[in-house]
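the sequence isn't on hand, but the structure is:
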């Protein structure tokens, strides 16, 4: 750095580490447990290559399984195992997440410094460009919104994708300014293209939104360099580039008009339709901007499932308002992009970063981690405002404003990070500020249940279990169809509150199976109920459980889940292997692509002493998919039965 004293960024990074350090001792929960603590392939012996391969392919997240991220978790585990007996402790994983966050913050600074210092459309002195870039990086690094990304271990996937995306853009900015005044050499084009291809590939294999490197690169080209090449500005390239920025939006509209069934196929089990999701996202994007520009940790939480769904343009009215303002901004961008390049770059960066997760994909409506890369645009805009918006302001006053903004963020970051050090405290805080969030209620109820069962003092255990039960009932008040709450209440009343009539929950589960629509989260509840029956801690007969699944299988013949659960119930609980074989064979007739059924058939035939049929099913399974992912599947199905 030529103009910023070296102690300033060093102090900034140290402050970031110290503040996040307040939350590094927190527990793993939800997806982090599923991907790491409960994934034996990640907890590997590093001496054999096949273990690394199995770890890379051990996740079912996304189309690719996100092998780059899974390899990072496996590497993290192997290093932790070498230096500590608690290899899977959250601290080591969160520490690596923090390191990635600091590294990404450094790339934010390098990227913005190069962008602002070389762009033909932005007239900034090198000194001013460096200070604007440093301030933006400071705001991004210390923003409390990122706590739920950095300290939620599984969101390393989001971090690595952002890191590789920024690295690709820095590479592009290393080569691109040379081509303003002269032609690119063949070697430069080859090197730049190869490196960008590799960055895109690895970013996508970390998490699918790494593909956004390509439209972000186009945004940099259009708003920073305006297609200037060899002292010329080819008009056709400018038009083509501008069209390219709007092309994804046009493709989405075209698919919606021409192939609506293809877009809506994934919305089964969601509480909203494609149209409702798109309308709601108009408001959600403004809410994201509110969290970034006016941060308030009381509004932040791990879950935001309590967002009101927009059922129409006027329901609520803010839907129409949000849509109109977005449309006006996009129109203004098309007209005035040359006049206000920084403003529209920041806007374009934010919108492109949300292009995948805020449009047609049938994902949850809102998560904070989706702003990890997107927040850089608004942070740049704030920094630009501090340093360039008011020409008469003295440099010291500008620096004071930037420092004050960073200090405000640092205070909130410290408060929020310290909350994440204690799961019970964090769950209680989120519940207090988001009492109508079903998942916040669940998190608190589940935390009380786990702590109550682990407590050695009977009085404390009784208090926690009673509190847990009360909040599971609160879940039913918020959503009477919540199967997880019904199953857990059945478990609690069967095991700890025998004076209460657990038959009530059995009846509610029957009614839900017979009449209510089943949702995605109910799969976990049905698995939990199977485990509860297998351990004989739920007052529900196996016959009743089988009837529930048979009812659901008749109602949802296109879903393989219920026949699979029936097979597992008869095989694992009743030890009725012929019946387990029957249900898995029935499943394969309707769903021949469901490979787990072949592994299940092999397991049941093996336990029934039918070795020939076992080998036949294993041969079929490996013929259809010989990948290493089958190793974990077969190991799980041949594991000792529960109970």
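In hand now; what should we look at? Not measured: the values here are computed from a predicted model.

and after the biggest helix by length in the chain, which helix or strand comes next?
In the chain, taking DSSP state H as the definition, the longest helix is helix 90-118. Where DSSP states H and E defines the elements, the next helix or strand beyond helix 90-118 is helix 126-142.

packing partners for that next one?
Where contact means 3 or more C-beta pairs under 8 Å, 6 or more residues apart in numbering; DSSP states H and E, helix 126-142 is packed against helix 7-21, helix 90-118, helix 376-388, helix 395-419. C-beta coordinates here come from the backbone N, C-alpha and C atoms, glycine included.

that one: which residues count as buried?
Of the residues in helix 126-142, 128-142 count as buried by neighbour count, 16 or more other C-beta atoms under 10 Å.

do stretch 476-489 as well
Buried residues in stretch 476-489 (16+ other C-beta under 10 Å): 476, 478, 481, 482, 483, 484, 485, 486, 487, 488, 489.

from those, which is closest to residue 589?
Minimum distance to residue 589 across the buried residues of stretch 476-489 is 27.2 Å, recorded for residue 483 (C-beta to C-beta).

can you tell me how far the residue found closest to the closest one once you drop the neighbours it is linked to in the chain sits from residue 222?
Distances taken as C-beta to C-beta, 6 or more residues apart in numbering put residue 525 closest to residue 483, at 3.9 Å, once the chain neighbours are dropped. Between residue 525 and residue 222 the computed distance is 48 Å (C-beta to C-beta, to the nearest Å).

of these two, which one has the most company?
residue 222 (24 against 20; other C-beta atoms under 10 Å).

for that one, which three-state class applies?
Classification of residue 222 by DSSP: H, G, I helix; E, B strand; the rest coil places it in helix.

pretty sure it sits against residue 337.
Yes - contact criterion C-beta atoms under 8 Å: residue 222 and residue 337 qualify, at 7.3 Å.

quick one, helices of the stretch 251-400 of the chain?
For the stretch 251-400 of the chain, the helices defined by DSSP state H, counting those that start in this stretch cover 260-264, 274-293, 318-336, 341-353, 376-388, 395-419.

looking at these, which is closest to residue 545?
With C-beta to C-beta as the measure, helix 260-264 is the member of the helices of the stretch 251-400 of the chain nearest residue 545 (32.5 Å).

pLDDT below threshold where in the stretch 501-643 of the chain?
Within the stretch 501-643 of the chain, the segments meeting pLDDT under 70 span 626-643.

farthest-apart pair in the buried residues of stretch 476-489, please.
Of all pairs drawn from the buried residues of stretch 476-489, the greatest distance, 16.2 Å, lies between 478 and 487 (C-beta to C-beta).

could you list the buried residues of the longest helix of the chain?
Quick answer for helix 90-118 (16+ other C-beta under 10 Å): 90, 92-98, 100-102, 104-118.

ok, residue 506 - how many residues close by?
20.

what sits against it?
When contacts are counted by C-beta atoms under 8 Å, 6 or more residues apart in numbering, residue 506 touches 490, 539, 540, 544.

kindly give a single PyMOL line that selects the buried subset of those.
Remark: buried members of these, expressed as a PyMOL selection using 16+ other C-beta under 10 Å:
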select buried, resi 490+539+540
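
I'd like the contacts of residue 506 as a markdown table, with distance to residue 465 appended.
Supplementary listing: the contacts of residue 506 in a markdown table, determined by distance: C-beta to C-beta, whole Å:
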| residue | distance to residue 465 |
| --- | --- |
| 490 | 14 |
| 539 | 16 |
| 540 | 20 |
| 544 | 25 |
